[in-house]
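J.: Need a 3D model of the sequence below.
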Amino acid sequence: MARSVHEVDYNRLLRDGIQAILYDLENTLCRWQEWELDERTRALLHRLGEQGVALAVLTNAALPPGHPLVRELEGGGVVVVTRARKPLRRGFQTALCRLGVDPGRAAMVGDQVLTDILGGKRAGLVTVLVDPLGPDESRLTKINRRLERLLGRRSPAGGASAAP
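T.: So this is what the prediction gives:
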C-alpha cells in the first residue's frame, strides 16, 4: 500500500525483479474524467521509463485511440489498454504481451481493490493499492468503494480510506 503513485517504493519493486509497472488511470494517475496528468506524474513516468521500466496504463474507460491523453502516454513509450474490463485478466494479458514481460515480473498500481488489485492478483502480478486522488467517481465505483470498506479496506496511513 502507498498513499499515491509518488509514494510507491519503486526501488524495492525493482530490487524484487519487477520489470514492468501497470497503472490504473482514473483516480490513480489523474482525477476522474479529467484526462490530464500533472507535471509530477509526467516526471515520474518519464523517470521510470529512463530507468528501463516498461510501463502500461489499463483503464476500463472507453478512450478512443486518438484521445490526447492516449497520444501523450503512447508518445512517451507507455502502452495504453482501454476498455480493459478489469478485474478480468484479458486487459492485463494484453498489456503484458505488448510489453513483452511475464506476469511475475510486473506490478499493478491502482486505487480500487475490486478492479485493479483483484484483477492484478488474478493475472499473477504484484499489486500496490493507493488512495484515490479525489472523491469524484462513477456510480459503479462508489458502490465498489462501499464494498471495499465492508471488506476492511484501510488507507496506507492506517485509517479508513479517504474515499467517500
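J.: Which other helices and strands does the lowest-mean-pLDDT helix or strand in the chain contact?
T.: When the helices and strands of the chain are scored by mean pLDDT, DSSP states H and E, helix 139-150 comes last with a mean of 71. Packing partners of helix 139-150 (3 or more C-beta pairs under 8 Å, 6 or more residues apart in numbering; DSSP states H and E): none among the helices and strands. Using the backbone N, CA and C atoms, a C-beta is placed for each residue, glycine as well.
J.: count of neighbours near residue 55?
T.: Residue 55 has 21 neighbours, counted by other C-beta atoms under 10 Å.
J.: Need the pLDDT of the residue nearest to it when sequence neighbours are not counted.
T.: Excluding the flanking residues, the one nearest residue 55 by C-beta to C-beta, 6 or more residues apart in numbering is residue 78, at 4.5 Å. What the model reports as pLDDT for residue 78 is 97.
J.: residues in contact with residue 78?
T.: Listed by C-beta atoms under 8 Å, 6 or more residues apart in numbering, the contact partners of residue 78 are 45, 49, 55-57.
J.: could I get the residues you listed as TSV with distance to residue 6 and pLDDT?
T.: Below are the contacts of residue 78 laid out as TSV (distance: C-beta to C-beta, whole Å; pLDDT from 0 to 100):
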residue	distance to residue 6	pLDDT
45	11	97
49	16	97
55	15	98
56	18	98
57	16	98
